[in-house]
Structure formats: structure tokens, C-alpha cells
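1. No letters, just coordinates:
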């Protein structure tokens, strides 16, 4: 088994783990984005709360969560390990090394971008996941429907958080960082896996660009919409939101 350990702890092995876990996490982002788009339905949060309840109680989803936790854990750990190793290597590098001439800005700053995302992730998980699963301090939906009356009103918690300017700022900054992170990581992941034939490189680059922009913009639109156009209950208070509502109705 020593050869496996040596392989996975080498630079190539660590990049391979980063690529596999990164592409796996991309699928999570798509599912998470589609689910969160339920926030835009003007139904008092019924659709979003039903989605959240399903994700929090379905045994298959709960099992997959452990894979997601491991994916995040390995991805973050390997990122720090590679960053330390790369810094050590550059310290022994060429005297005339000029980073800006030998690598892209996103490549040189993946550590900073990843740190911003990690800080946001900690705050985000505490604010919603921890409170829903462990703290038990979220309001209930209530109402006449016995089936849904005891559901956590996560919609109200989300909308309330999106009324806080500092949280919206952190959220949007994290999504911008995520966009750059995905843009570089998408291409690098395929390259590490050997899927970098010159015939397909332009397609991979274009797909990575579109994916990173759509995901980042999709997530960033949520706090901006609720902060600018709704009150703490998610009720529209600005006529300027009519255009966004028409777009959201497509979902």
C-alpha cells in the first residue's frame, strides 16, 4: 500500500484528488443552485421550505451528505497542502522568476480566493445548516396544513439574513471568488485528468467560463434581490423588481 500513499501524497497525486473532488463539488453546486432558485417563487417560502425539508430528512440525501463533507474536507486539505508545497518550491526557484509572466492571476491567487470562500462557507453553514440540524432555533412554518406546519421556516431565516448588508457583501464577494475559482479549477481539473487534447481545449475553456459565470451570478443574484427589493418577510417593496420577477417565473 506504500506506493498508493506515495502517489496520493505527491504533487501529481494531490492535484488528482483536487481535480476529482472539485468536479464532484461542481455537481453539488448545480443541485444547490437549482434548489435555491425556489426562493424566487412568491409563495411565502412554501416551495423552498418543502425542498429544504426534503433535503434534510430524506435518508438517501443524508447519506450523500457524508460524501459531500468528505469531498469538501479532502479538497480543502489538499489545497492547503499544495499551497504550502508550491510556496516552498518557489522559495528555491529561479532568481529571475516573474509570476505575472508565467501564470494567470486566478492561478496565483487560488489560495486567497479559496480562503474567502472558506470563510463564507463557515458563516453560511452555521447560519443555516447548524441552526436547522442542531440548534433547533428556527421558526416553524405553522398554518392550517398539518403536514407542513412543523417544517422549519428556513425561507424566513434566509430572507432575514439577506437584509443584513454585511452578510450580503460577504455573500457576493464569496460568489465572485467562487466564479474565479471555478474558472481556473474547471480547466485545471480536466487538464490534470488528462482530458486536455488540443481539439477539445477550446470547448473545455468555454464550458468552464459559462459554468463559472452562471453559477456565481445565480447565487449572487439571491441576496442582492432580497436586499434591494424585499422586506424581512420576503414581500416585494420595490416596483423595480418586476423585471427580476418575470425572469424568476421561468423557474
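-> Arrived safely. Predicted model only: the values in this text are computed from it and were never measured.
2. tell me which element the residue nearest the centre of the chain falls in.
-> The centre of the chain sits closest to residue 29, judged by Cα atoms, centre = their mean, with a distance of 5.4 Å. Here residue 29, judged by DSSP states H and E, is contained in helix 11-36.
3. Please identify the buried residues of stretch 44-62?
-> By 16 or more other Cβ atoms under 10 Å, the buried positions in stretch 44-62 come out as 44-53, 55-56. Every C-beta, even on glycine, is put in place using the N, C-alpha and C of the backbone.
4. same thing with stretch 152-164?
-> Quick answer for stretch 152-164 (16+ other Cβ under 10 Å): 152-163.
5. and the residue lying closest to residue 137 once chain neighbours are set aside, how many neighbours?
-> In space, residue 137 comes closest to residue 131 once its chain neighbours are excluded; the distance is 5.8 Å by Cβ to Cβ, 6 or more residues apart in numbering. Number of residues near residue 131 (other Cβ atoms under 10 Å) recorded here: 16.
6. same check, this time on residue 210
-> Neighbours of residue 210 under the rule other Cβ under 10 Å: 12.
7. Relative to residue 111, how far out is it?
-> 25 Å (Cβ to Cβ, to the nearest Å).
8. For the stretch 1-150 of the chain, which segments count as helices?
-> Applying DSSP state H, counting those that start in this stretch to the stretch 1-150 of the chain gives helices spanning 2-9, 11-36, 46-57, 59-91, 99-102, 105-108, 110-124.
9. What score does residue 129 have for pLDDT?
-> Residue 129 carries a pLDDT score of 81 in this model.
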